[in-house]
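Build me a structure from this.
(chains A and B)
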Amino acid sequence: MQRIAVIGAGTMGRVHSEAYSRIPNAELVAVCDSHAEAAKELASKYGAAAYADVGRLFEDGGFDIVDICTPTNTHLDYIKLAAQAGKHICCEKPLARTTGQAMEAVRVCEEADVTLFPAQVLRWFPEFRKLHDLIKSGAIGDPVEVRTSRCSAYPRGTDDWFADMKRSGGVVLDMIIHDFDWLRWCFGKVRRVYARGLYESGIPHTDYALVTLRFEGGVIAHVEGNWAKAGGFETSVEVAGTKGLLSFASKDSAPITIELKSKEEGKIGVTVPESPTRESPYYLELKHFVNCIEENRKPDVTAEDGMEAVRTGEAALRSISTGQPVALA
Amino acid sequence: MSDRPVVKIGIMSFAHMHAYSYAACLKELPDVKFVGVADDVAVRAEDAAGRYGVKVFKSYEDLLESDVEGVIVTSENANHRRHVVLAAQAGKHVMCEKPIATTMQDAEAIVEVAKRSGIKLMTAFPCRYHPAFVRLKQAVNSGELGELLAVKSTNQGQCPGGWFVDKKLSGGGAVIDHTVHLVDLMRYMTGAEPARVYAEIDNRMFGGDFDDTGIITVDFTNGMFATIDASWSRPKSYPFWGNVNMDVVGTGGIARMEMFAQKIDLYSDETGRHTYVYWGDDMDLRLVEAFARCVREDTPPPITGEDGLKALEVALAAYESASLREAINLLE
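Predicted structure coming up:
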C-alpha cells in the first residue's frame, strides 16, 4: 500500500486525488494547499488530512509518495522538499518552468534515490497510445510528416496563474508539452525547433502557437497550441507516412452526444459530445506509477522524458522570441 | 440572353491538368467563345480539341495569329515565361497558371513583358473565388474576428507525378506547387505582405529528386504569423485529391475554413474504395469568368502578375530557408 500526499488542491490535484481514491494499492492520506479552504474541502472528500503549510506536511510525514499539482514555477521547490524527505514523486506536467530547473529536479531525485515521475498523461490516452502503436507497427510505412493540434479556451487556474507567463510558460509549455512528449515517444529526438506564437504579445487571456519540429530521424512535425477558442476542447493528429496516413480528430470521435432541450421557453438547449472510456487516463497513469513504486520498477515515463519535453518547449519559446530556429542536438 | 460581346479565348498547352477544367469552363460560359487549342504535344492538342469540339492550331504562333483575344497558359511552370512572352508579343491577354514561374527572374520578365505590351496578365488563383473563402474574407474584413493573430493552413494533395516531379519543369515539388495558393489567399484576405519565411522541407515521402513535404512559416507585415502545410502527403488510397484549409485566429474569435467540405461519402463495391464526391461551387468557373470579364470590359485583371510574383517569392524563400536552416527576411 502506498500512502499519497497531494500538494495543490486545484483542478489537477482534484483529478489525481479522485484517481488515487480508486487505486486499490494507494491511499490518499494528505492534501496540502496554501489555500486552506481548498485543502480542507478536497481532503475531507477522501478522509485525508488537510494542510495549509507544506513544512507541517513534511514534519508530520506518514506518506510514501508526494504528488505535486501546483503551478509550474513551484514544482522544483516541492520536488526538492520531497526528495530530501526520501519520498517518491509524481509531478504534474510540465516537470518544471525551465530546462535548468528540470535538470536540477532530475539530479536531486537521482541523488536522493527517489523516483521522479512526470505526469505526461497523454501516453495513457487510448487514442494516443493506439496511434503510437500503429506508427510503431509500420501501419503507414515510414512516418514523414506529422500534425498535432490541441485547442481549448484559455484555462482559468487558481489566482489566474496560467496568465502569468513566468509561472506557466503559456500554451507552449503548459499545453503542447503533451504533444512534445508524445512526439518524442513516437519519433525520437528533436533536432531543431521553429515557432511563432503570442507568448510575448501581452494579449490578455489569449495564447496561440504554431511550432515546427524537425526530428533526428527526419520526421517534420507541426504542432498547434490553441488557447484562443471560445469554448470546448479539441485535439487532432495526422501522421503521413510512405505507405499511408493516420488521421484522428476528437470532434469526429465522440461515440455519444447528448442534446438537451432548454426548459426555458425560447432558449436553445445544449449539445455535449462525450468520449467515455471505462477508466480515465489519469487513473491508468497513476496506477502505473503506484505499481512501479510498489514493485520497484522504473516507470514507462522517466524524469528525463519530462525534462526533454520541457527542453523542447523552452526552445520553442526562444524561437518565438528570436524569430530563428533553435538547434537542440 | 445577354447582348454582351463574346470574348474569344484559347488555351496554350494542356500540360497542367487544370487546363481541362478551364476548357470546360470556357465551354460553359455564355459570353465566351472557346476558339481553340495549341500544344507542344500534338496528340494532346488533338485529344483536347476533340473533347471540347474546338479547333486545333498547329502551333502557338498560329493560335496567337487568329482572332483570339486572350489565352490561358497552362504549360509546365518553367515554360510559362516562353509562352506568356509569345502571347504578349502578339498582343493577346493572358491568364497564367500558378506558380507564375519557377524563378524570380522569369516572374519579373513575365510581369515586365505584359506591362510593355499593354496586355492584361492575370494569375490563376481560383481559390479566391470559392464561396467558403469569400465568406472567410468577409468575416476577416468586417472585423468580426477582431485583430488577426495567426493563420494555420494546409494545401495537402496526392502526388500528381508527371512533370510536377521533374524539378527542371516544376521548379521543385510540393512546396512550389502548393505554397503559392495559400500565400495569395492570405495576402488578398489581409492586404498584408509576407515579411519573414522559415521552412522545413524534405523528400522522404517518395524519396525522389523533388520535395514532397513542407511546413512553411510566414510572418506578415500586419503582425500575424501563419503556417502553410504544402505537401503531397495524401496517399493514393485517400478519398479525395486533397484539401485547402485555413484556420484564422483573431482577438475576437476563430474562423475555420475547409474549402472542400461540401462533399458526399461514396462507398463503392465497384471500385472497392471510399471517395468524397464534391458538390460545392466550381471556383474555376468564376476564375475563368473573371478573366473573360476583364478582357470584355477592358478593366484591370482582378488578380495580377505581381500577385503571382509575390506568392512565388515566398515559395522560393521557403526553399532558401530550408537549405540555410534559418528564417529569411523578405523586407530587407
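
Give the rounded mean pLDDT of the longest helix seen in chain A.
Longest helix in chain A, counting residues (DSSP state H): helix A:303-322. For helix A:303-322, the mean per-residue pLDDT is 98.

Can you name every helix or strand that it contacts?
Judged by 3 or more Cβ pairs under 8 Å, 6 or more residues apart in numbering or on different chains; DSSP states H and E, helix A:303-322 is in contact with helix A:99-112, strand A:116-119, helix A:170-174, helix A:177-187, strand A:190-197, strand A:207-215, strand A:326-327. To be clear about C-beta, it is placed using only N, CA and C from the backbone, and glycine gets the same treatment.

quick one, domains of chain B?
B:7-127, B:128-283+B:313-329 (automatic domain parsing).

and the last one, is it in reach of chain A?
Just to be clear, that refers to domain B:128-283+B:313-329. Yes: with Cβ under 8 Å from any Cβ of the partner chain as the criterion, chain A is reached by domain B:128-283+B:313-329 at B:149-150, B:152, B:154, B:156, B:196, B:198, B:200, B:202, B:204-207, B:212-213, B:215, B:217, B:219, B:225-227, B:229, B:231, B:233-235, B:237-238, B:249, B:251, B:253-254, B:325-327.

hmm, back to that, possible to save the helices and strands packed on helix A:303-322 as a markdown table with distance to residue B:95, mean neighbour count and mean pLDDT?
What follows is the helices and strands packed on helix A:303-322, written out as a markdown table (distance: least, Cβ to Cβ, whole Å; neighbours: other Cβ atoms under 10 Å in any protein chain shown; pLDDT from 0 to 100):
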| stretch | distance to residue B:95 | mean neighbour count | mean pLDDT |
| --- | --- | --- | --- |
| helix A:99-112 | 53 | 18 | 98 |
| strand A:116-119 | 57 | 28 | 98 |
| helix A:170-174 | 43 | 28 | 98 |
| helix A:177-187 | 42 | 24 | 98 |
| strand A:190-197 | 34 | 24 | 98 |
| strand A:207-215 | 33 | 26 | 98 |
| strand A:326-327 | 43 | 16 | 98 |
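
Distance to residue B:243 added to those, as CSV?
Output for the helices and strands packed on helix A:303-322, formatted as CSV (distance: least, Cβ to Cβ, whole Å):
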stretch, distance to residue B:243
helix A:99-112, 37
strand A:116-119, 35
helix A:170-174, 25
helix A:177-187, 21
strand A:190-197, 22
strand A:207-215, 17
strand A:326-327, 30
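
all helices in the chain, in order from the N-terminus.
I'll assume chain A. A:11-22, A:36-45, A:54-60, A:75-84, A:99-112, A:126-136, A:165-168, A:170-174, A:177-187, A:281-294, A:303-322.

should've been chain B
Going by DSSP H, chain B shows helices at B:18-28, B:42-52, B:60-65, B:80-89, B:104-117, B:131-141, B:167-170, B:174-190, B:283-296, B:305-324.

Now the second one: buried residues?
Using 16 or more other Cβ atoms under 10 Å in any protein chain shown as the test for burial, helix B:42-52 gives B:45, B:48, B:49, B:52.

How about residues contacting the helix or strand of chain A with the lowest mean pLDDT?
Within chain A, no helix or strand scores below strand A:270-274, which has a mean of 81 by mean pLDDT, DSSP states H and E. If you take Cβ atoms under 8 Å, 6 or more residues apart in numbering or on different chains as the criterion, strand A:270-274 is touched by A:251, A:254, A:255, A:256, A:257, A:258, A:259, A:260, A:262.

Quick one: neighbours of the closest residue to the second one other than its chain neighbours, just the number.
In space, residue A:254 comes closest to residue A:273 once its chain neighbours are excluded; the distance is 3.5 Å by Cβ to Cβ, 6 or more residues apart in numbering or on different chains. The local packing count at residue A:273 equals 15, with neighbours defined by other Cβ atoms under 10 Å in any protein chain shown.

tell me the domain boundaries of chain A?
According to automatic domain parsing, the ranges for chain A are A:2-119, A:123-327.

Do me a favour and get the end-to-end distance for the shortest one?
Using Cα to Cα, to the nearest Å, the end-to-end distance of domain A:2-119 comes out at 17 Å.

to the chain's geometric centre, what's the distance from it?
Relative to its chain's centre, domain A:2-119 lies at 15 Å (Cα atoms, centre = their mean, to the nearest Å).

Same question for the last one.
What separates the centre of domain A:123-327 from the centre of its chain is 8 Å, taken as Cα atoms, centre = their mean.

Nearest spatial neighbour of residue A:210, chain-adjacent residues omitted?
Spatially, and ignoring its direct neighbours in sequence, residue A:210 is nearest to residue B:227 (4.6 Å; Cβ to Cβ, 6+ apart).

Hmm, that neighbour is touching residue A:222, no?
Yes: counting by Cβ atoms under 8 Å, residue B:227 does reach residue A:222; the two are 6.3 Å apart.

Contact residues of the stretch 51-200 of chain A facing chain B?
A:142, A:144, A:145, A:147, A:192, A:194, A:196, A:197, A:198.

The last one: what's it in contact with?
Each residue near residue A:198 by Cβ under 8 Å, 6+ apart is listed here: A:170, A:206, A:207, A:208, A:209, B:149, B:150.

now the fourth one
Residues counted as contacts of residue A:147 (Cβ under 8 Å, 6+ apart) are A:221, A:222, A:223, A:224, A:236, A:237, A:238, B:154, B:229.

Just the ones of those residues in strands?
Under the assignment DSSP state E, the contacts of residue A:147 contribute A:221, A:222, A:223, A:224, A:236, A:237, A:238, B:154, B:229 to strands.
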